[in-house]
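**Student:** I need the structure of the sequence given here:
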Amino acid sequence: MRPVAQLLHNKFVVVLGDSIQRSAYKDLVLILQRDAFLSFNQLKNKGEVSFEQDCLVEGGRFGQMNNGTAYKEVRQYRTDHHLIRFYFVTQVFSRYMDSILADFEQGIKPDLVIVNSCVWDISRYSREWASEYKENLKKFFMKLKTILPEESLVVWNMTMPLGKKILGGFLVPEVEHVGPLLRFDVIEANYFGATLANKFGFDVLDLHFQFRFSLHYRMKDGVHWNAIAHRKITCLLLEHVAQAWGVELPNLDQIKADNRPPLPENHSWQTATSSAPARHPGSTPYRNQSCLHPPVMSTIHYNNGPVVQGQRMVNGFRSKLCHDDLPPHMTAGYPSFGKETFYRGANNSAAAPNWPVNNLKQKRRKPYTRERLHPYKY
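**Tutor:** The predicted structure is shown next:
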């Protein structure tokens, strides 16, 4: 059995986040089936009915395709021994996210949650985003801590570096003016997310640190990344998960991008999209040891501007750009896709553990030994 399939055997994996997280989901689905990179079209497409034998469950092309905050897309890849699900979210905590968490609470619990929500949060909901973003992070982590069993592994992916110039996508004309400063806001938001994830006992994978010298893998829009970068992200995640579960993966090098055959010449994203040269040519800086011990950031009072309270936003910003309407058919949460529903005792304590120091590293865990007896079938 291939090392990736073996590591995720009989595991339920959930990926939450934006288009970067969607590409991470796609690369994971692809690598479970064959040795290949994502194509340019696979990276670019969204909401397609099927990708590499997965299925679109809700939203996407079943609904309205747009770049609004109300866009939904739920995908799933299922075999007899693997279940991977992706939810597109534009805000780390909202009514929609609450319905997703309700599905976990009522149905099968994820073994692994890979999550990030940042760029949309800090650009589309409020000019003074820091206060609301920190509050939503606290709500999300607190509810996740309450719903998931102790053995579930949660990995918070820090947002990757943005370019100086951002084109299209989530940056609609109404908020184009925030584009030049967004790369700095991401650093600030990363600090909030990593600090709070660590405080609540979740793992942190610092992708911003890992890719700071790999800007030549970033695509021309200044936001998205090519297939090589996403394969490196997959390797970092798998190394992190294996170490957390106490599993050795001696053959993980087989899937590393550096050991793969050359890419086809007709992929336009191969061309360097940044003038910054590779700082470490010929080396392999994307090792798990580095991502587990990023530098410790000092405590800084970031938001010195006026605080946004409740739903009030400056100059009606929310009423123009934020839509948090939940369709009626989603109010009961998403259905569980397993043949049987697994109920485990939920931790009713909403208090986060007190970590004396923010070292942003992986939490020590006992070897992961629980196995499911039933494959994922209808």
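
**Student:** how about stretch 197-215 as PDB, C-alpha atoms only?
**Tutor:** Coordinates of each C-alpha in stretch 197-215 appear next as PDB, following Å, rounded to 0.1, in the frame of the first residue of the first chain:
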ATOM      1  CA  ALA A 197      -4.800  27.900  17.600                       C
ATOM      2  CA  ASN A 198      -1.900  27.200  19.900                       C
ATOM      3  CA  LYS A 199      -3.800  28.500  22.900                       C
ATOM      4  CA  PHE A 200      -6.600  26.100  22.200                       C
ATOM      5  CA  GLY A 201      -4.300  23.200  21.800                       C
ATOM      6  CA  PHE A 202      -4.400  22.800  18.000                       C
ATOM      7  CA  ASP A 203      -1.400  22.300  15.700                       C
ATOM      8  CA  VAL A 204       0.000  25.100  13.500                       C
ATOM      9  CA  LEU A 205       1.700  24.700  10.200                       C
ATOM     10  CA  ASP A 206       3.500  27.900   9.200                       C
ATOM     11  CA  LEU A 207       3.200  27.900   5.400                       C
ATOM     12  CA  HIS A 208       4.000  31.600   5.200                       C
ATOM     13  CA  PHE A 209       7.400  30.800   6.700                       C
ATOM     14  CA  GLN A 210       7.900  27.800   4.600                       C
ATOM     15  CA  PHE A 211       7.300  29.600   1.300                       C
ATOM     16  CA  ARG A 212       8.800  33.000   2.000                       C
ATOM     17  CA  PHE A 213      11.800  32.200  -0.300                       C
ATOM     18  CA  SER A 214       9.700  30.300  -2.900                       C
ATOM     19  CA  LEU A 215       7.800  33.100  -4.500                       C
END
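
**Student:** can you pull the contacts of the nearest residue to Ala5 once chain neighbours are set aside?
**Tutor:** In this structure, Ala5 finds its nearest non-sequential neighbour in Leu32, 5.7 Å apart by CB to CB, 6 or more residues apart in numbering. (C-beta placed from N, C-alpha, C; glycine too.) Leu32 sits next to Arg2, Val4, Ala5, Leu8, Tyr77, Thr79, His82, Ile84 when contact means CB atoms under 8 Å, 6 or more residues apart in numbering.

**Student:** isn't the fifth one right next to Asp54, touching?
**Tutor:** I take that to be Tyr77. Yes: Tyr77 lies in contact with Asp54 (CB atoms under 8 Å); the separation is 3.9 Å.

**Student:** which residues do those two both contact?
**Tutor:** By CB under 8 Å, 6+ apart, the residues touching both Tyr77 and Asp54 are Val29, Ile84.

**Student:** which stretches of this protein form strands?
**Tutor:** In the chain, the strands defined using DSSP state E lie at 11-17, 55-59, 73-78, 82-88, 112-115, 153-157, 203-205.

**Student:** so which of those strands is the most surrounded?
**Tutor:** When you average the neighbours per residue for each of the strands of the chain (mean count of other CB atoms under 10 Å), strand 203-205 leads with a mean of 26.

**Student:** just checking, what packs against that strand?
**Tutor:** Applying 3 or more CB pairs under 8 Å, 6 or more residues apart in numbering; DSSP states H and E, one finds that strand 203-205 makes contact with strand 153-157, helix 179-199, helix 227-245.
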